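S.K.: this one's structure only:
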DNA sequence: CCATAAAGATACATAATAGGCATCGATATG
DNA sequence: CATATCGATGCCTATTATGTATCTTTATGG
């Protein structure tokens, strides 16, 4: 019996299915299946009954969960108690994230973070790297999470890739080109070009069409706000390309759909960036860990999603 | 944080030194040192203060121990609860052990066994393999632990070696030859030959002298009882050779000493023997596990002891 | 009624780690 | 001052936790 087994049984019990639990924890389903099976073997009886859609606890399972919960809670108390007695993790951590990164990661991170460090304060800034670079150097902001287009130009910046990102074409519901499967079919449309980073956006936007051997698209509107972009898309026949994360956060509700192209539109990889010459505060270090974990997990799912999209 | 870390911290806290704790648990001292250090690193502060002779808990260490104890206890409850709800481990296990094996292993085994299976009954028989072989086949005895001279003659017997054993020469305190360092110096003495196994003892006893190029010793007394042998040794100038374990259990108290020869007198390896065609009952399986663990651990210490004796 | 999606199981490969072995330096104690 | 005892370190191996790829089964929606 290992602590992961306990963690896993509790996760499955809560999630109601092995797959869902493995997603929650950021481990793979086979690993989770084995962890559960090993635990059951060690105890010599099943903790869950398997159905076609998920699993349910057996009576013994419920017994196990009660004790296991106590163990997990004691374990958490150990860390809390020691952290607080040391005065660690009382303070604030200040992060900057791109909108896409925060859509992808913040729900997960925030949940864990508040649960584990209830006395901590989080200062959150939405933005891209360039505008906040100075704040990182001044120490105003502990670290940045988001797309990084070029290599770091200073040796004192530590860059850690979390995942390769992708973009999608977005249109209003009922758009005449909504059924397109190739970028070529969209070459006649009018576009909104989101423009956040002052330097690369234009070239980057055109590059996607170049790669497909197409002429530069016709840009009708440049927008510095993703919100505004979505609103415009919802109320016109304009198309735009945004990081895929915006699918999960659609302020325009049901009025917007993505156009599922066969080809994948790449995007700059999402990275963690912070100063390399100064260590992060303990609290920032923990937040960074959570971000790293959530980012790698998200990246795995995104890669799988992309692969399914390309083969299917 | 792993469960072993918790186990190890608790063991060290109880034992008062890293080495003592590692001995208790049957793991090596470096492993224990690392386990403690890793835990301290993970928490970011020391749990123990190191002294030249052992370690003591820090304040934070005491805090940790309180929670950790709860975790370990909950864990134990999980197994107890499930075992008892299944009606497992309520019953009896019947083992036969040689005297030497029981001296070496029973204190450890019995302690663990009673703590973990309080509802179980243990039927213990002292003896060697031959007299009880039939009982093993009849199912009367679950398994045997002790020296095995020949290979198993039936395919249905599973033999598992626990450790290579050794013997020592025993004399009364103040015996004129007590300071001998070579078997040769004892060749003129008179001997008691313990004789338990009807077949091999005589040949086996002489063989030790043959290996040293000496004539067969002069046997004055044959004894089928180790007790009787020890009594005779204590009250005469007779010498005898017994498994080294008897050193740890000296019924004749202070009247008997071992003669520390430079050469090592081998003994038949101590093994676990049980039927291979029938599975052990769950309870016997657990007892067998405890025996195996204790046996391997004891074997390691014995080997180290022997090595030190030969080099030093 | 069939196609599909979602679930759990299996087989194989790899990366992380617990543990063992040999050895060292430090420190009380006889 | 010698020695036994203790904790620390470096290196290696066996175990195991996890990932990747693939399969079978079973509800479910068109």
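M.R.: Alright, I've got the coordinates. A quick note: this is a predicted structure, and the numbers were derived from the prediction, not measured. Numbers count the residues shown, from 1 in each chain, chains lettered A, B, ... in the order given.
S.K.: Any residue of the helix or strand bottoming out on mean pLDDT in chain A touching DNA strand C?
M.R.: Among the helices and strands of chain A, helix A:282-311 carries the lowest confidence by mean pLDDT, DSSP states H and E, at a mean of 81. No: counting by C-beta under 7 Å from any atom of the strand, DNA strand C has no neighbours in helix A:282-311; the shortest distance is 9.1 Å. For glycine as for every other residue, the C-beta is placed from the backbone atoms N, C-alpha and C.
S.K.: Is DNA strand D within reach of that helix?
M.R.: Yes: judged by C-beta under 7 Å from any atom of the strand, helix A:282-311 and DNA strand D are in contact via residue A:300.
S.K.: and that helix, is it in reach of chain B?
M.R.: Yes: applying C-beta under 8 Å from any C-beta of the partner chain, one finds that helix A:282-311 is in contact with chain B at residue A:282.
S.K.: I figured residue A:250 hits residue A:227, correct?
M.R.: No: between residue A:250 and residue A:227 no contact is recorded; they are 11.0 Å apart, counting by C-beta atoms under 8 Å.
S.K.: The two: which has the busier surroundings?
M.R.: residue A:250 (15 against 11; other C-beta atoms under 10 Å in any protein chain shown).
S.K.: For my notes, confirm that one occurs in a helix.
M.R.: No: assignment of residue A:250 by DSSP: H, G, I helix; E, B strand; the rest coil gives coil, placing it outside any helix.
S.K.: check contacts around it.
M.R.: Applying C-beta atoms under 8 Å, 6 or more residues apart in numbering or on different chains to residue A:250 gives the contacts A:230, A:256.
S.K.: now residue A:219
M.R.: A:190, A:191, A:192, A:193, A:205.
S.K.: what's around the last one, how many residues?
M.R.: What that stands for is residue A:205. Residue A:205, neighbours per other C-beta under 10 Å, totals 20.
S.K.: Roughly how far does it sit from residue A:211?
M.R.: Separation of residue A:205 from residue A:211 (C-beta to C-beta, to the nearest Å): 12 Å.
S.K.: try residue A:141
M.R.: 34 Å.
S.K.: for residue A:274, same thing?
M.R.: Counting by C-beta to C-beta - residue A:274 and residue A:211 are separated by 32 Å.
S.K.: Check residue A:89 too.
M.R.: With C-beta to C-beta as the criterion, residue A:89 and residue A:211 are 46 Å apart.
S.K.: between the two, who's got more neighbours?
M.R.: residue A:89 (21 against 12).
S.K.: I'd assumed the more buried one was in a helix, is it?
M.R.: No: Residue A:89 is assigned coil when assessed by three-state DSSP, not a helix.
S.K.: per-residue confidence for it?
M.R.: On pLDDT, residue A:89 comes in at 83.
S.K.: Pull the contacting residues for it.
M.R.: Residues in contact with residue A:89 (C-beta under 8 Å, 6+ apart) are A:83, A:117, A:119, A:120, A:282, A:283, A:286.
S.K.: rerun at 10 Å
M.R.: Residues near residue A:89 by C-beta atoms under 10 Å, 6 or more residues apart in numbering or on different chains: A:79-80, A:83, A:116-120, A:281-283, A:285-287.
S.K.: List buried residues within those.
M.R.: Buried members of those, scored by 16 or more other C-beta atoms under 10 Å in any protein chain shown, are A:79, A:80, A:83, A:116, A:117, A:120, A:281, A:282, A:283, A:285, A:286, A:287.
S.K.: Where does pLDDT dip in chain A?
M.R.: A:150-154, A:197-199, A:251-254, A:307-312 (pLDDT under 70).
S.K.: before we move on, the earlier item: and the buried ones among the contacts of residue A:89, which two are the farthest apart?
M.R.: A:80 and A:281 (17.9 Å; C-beta to C-beta).
S.K.: out of everything not next to it in sequence, what's closest to the residue of the stretch 201-312 of chain A found nearest chain B?
M.R.: Taking C-beta to the nearest C-beta, chain B has its nearest neighbour within the stretch 201-312 of chain A at residue A:282, 7.5 Å off. In space, and not counting its chain neighbours, residue A:282 is closest to residue A:88: 4.9 Å by C-beta to C-beta, 6 or more residues apart in numbering or on different chains.
S.K.: What about that neighbour, how many residues nearby?
M.R.: 20.
S.K.: try residue A:170
M.R.: 25.
S.K.: next one: residue A:28
M.R.: With other C-beta under 10 Å as criterion, residue A:28 counts 13.
S.K.: So it versus DNA strand C, what's the distance?
M.R.: 8 Å (C-beta to the nearest atom of the strand, to the nearest Å).
S.K.: wait, that residue sits on residue A:21?
M.R.: No: look at residue A:28 against residue A:21 with C-beta atoms under 10 Å: they stay out of range, at 11.2 Å.
S.K.: Could you confirm residue A:221 falls within a strand?
M.R.: Yes: using three-state DSSP, the assignment for residue A:221 is a strand.
S.K.: Touching, it and residue A:190? I think so.
M.R.: Yes: look at residue A:221 against residue A:190 with C-beta under 10 Å: they come within range, at 8.4 Å.
S.K.: So what does residue A:115 look like in phi/psi?
M.R.: phi -70, psi -40 (degrees, to the nearest 10).
S.K.: next one: the one 3 residues further on
M.R.: Backbone dihedrals for residue A:118, given as degrees, to the nearest 10, come out at phi -60, psi -20.
S.K.: And it, how far from residue A:89?
M.R.: Residue A:118 is 9 Å from residue A:89, by C-beta to C-beta.
S.K.: what's the neighbour count on the nearest residue to residue A:28 once chain neighbours are set aside?
M.R.: Once flanking residues are discounted, residue A:28 sits nearest to residue A:22: 6.0 Å by C-beta to C-beta, 6+ apart. Look at residue A:22: counted by other C-beta under 10 Å, it has 21 neighbours.
S.K.: re earlier: who touches both of residue A:118 and residue A:89?
M.R.: By C-beta under 10 Å, 6+ apart, residue A:118 and residue A:89 have these common neighbours: residue A:80.
S.K.: Am I right that residue A:37 sits in a strand?
M.R.: No: using three-state DSSP, the assignment for residue A:37 is helix, not a strand.
S.K.: Am I right that residue A:171 falls within a strand?
M.R.: Yes: counting by three-state DSSP, residue A:171 is located in a strand.
S.K.: That one bridge partners, please.
M.R.: Note on residue A:171: beta-bridge partners by DSSP bridges are residue A:257.
S.K.: hang on, the earlier thing: hang on, isn't the residue nearest to residue A:282 packed against residue A:81?
M.R.: No: using C-beta under 10 Å as the test, residue A:88 is too far from residue A:81 to be in contact (11.4 Å).
S.K.: Which residues are in contact with the closest residue to chain B within the stretch 101-250 of chain A?
M.R.: Nearest to chain B in the stretch 101-250 of chain A, going by C-beta to the nearest C-beta, is residue A:116, at a distance of 13.5 Å. By C-beta under 10 Å, 6+ apart, the contact list for residue A:116 reads A:76, A:79, A:80, A:83, A:89, A:286, A:287, A:290.
S.K.: cool, and residue A:126?
M.R.: A:96, A:97, A:98, A:99, A:101, A:102, A:132, A:146, A:226.
S.K.: Out of these, which two are the most distant from each other?
M.R.: Top of the distance list for those (C-beta to C-beta): A:132 and A:226, 16.8 Å.
S.K.: Run through the helices of the stretch 1-150 of chain A in chain order.
M.R.: Counting by DSSP state H, counting those that start in this stretch, the stretch 1-150 of chain A has helices at residues A:3-15, A:18-25, A:29-43, A:59-85, A:99-116, A:129-138.
S.K.: for those helices, which one sits closest to residue A:217?
M.R.: Per C-beta to C-beta, nearest to residue A:217 of these: helix A:99-116, 20.8 Å.
S.K.: Tell me the gap between that closest one and the middle of its chain.
M.R.: 8 Å (C-alpha atoms, centre = their mean, to the nearest Å).
S.K.: quick one: that helix to helix A:59-85, angle?
M.R.: Relative orientation of helix A:99-116 versus helix A:59-85 (axes from the mean of the first three to the mean of the last three C-alpha atoms, to 10 degrees): 90 degrees.
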